[in-house]
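Engineer: Sequence plus predicted model, see below.
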Amino acid sequence: MKTAIYIEDGRMQLVLTPDSEFERTTLKAIAAKKKSVTIQEGQFYACKGGWTRYNDHPQDKQSLIVVLDNAPEPSND
């Protein structure tokens, strides 16, 4: 996946351009529903158990992590 950060006139954009069918499918799934976006800072690394872990303790290698959750459905109240 090609990734770019574009900044102009105070607006920041993260641009993701897929290179494979898996990446195209993933981006379509992300775009399919409204999202709630949060930004986290911390470590993001692979564990010996075979999963990926997020750690918010300050260390030398800090990552910026964009978290996309499905936005809550509007209530009919």
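Structural biologist: Here it is on my side, so go on. Computed from a predicted structure; not experimentally measured. Numbering: from 1, shown residues only.
Engineer: Give me the neighbour count for the closest residue to Val67 other than its chain neighbours.
Structural biologist: Spatial nearest neighbour of Val67, excluding adjacent residues (C-beta to C-beta, 6 or more residues apart in numbering): Thr38 at 4.6 Å. For every residue, glycine as well, the C-beta is placed using N, CA and C. Residues lying near Thr38 (other C-beta atoms under 10 Å) number 10.
Engineer: Confidence-wise, which helix or strand of this protein is lowest on average?
Structural biologist: strand 52-55 (a mean of 70; mean pLDDT, DSSP states H and E).
Engineer: Check which element follows that one along the chain.
Structural biologist: Sequence order places strand 63-70 as the next helix or strand after strand 52-55, per DSSP states H and E.
Engineer: so what strands line up beside that following strand?
Structural biologist: Strands that pair with strand 63-70, judged by DSSP bridges, come out as strand 35-46 (antiparallel).
Engineer: mean confidence score for the partner strand?
Structural biologist: On average, the pLDDT along strand 35-46 is 80.
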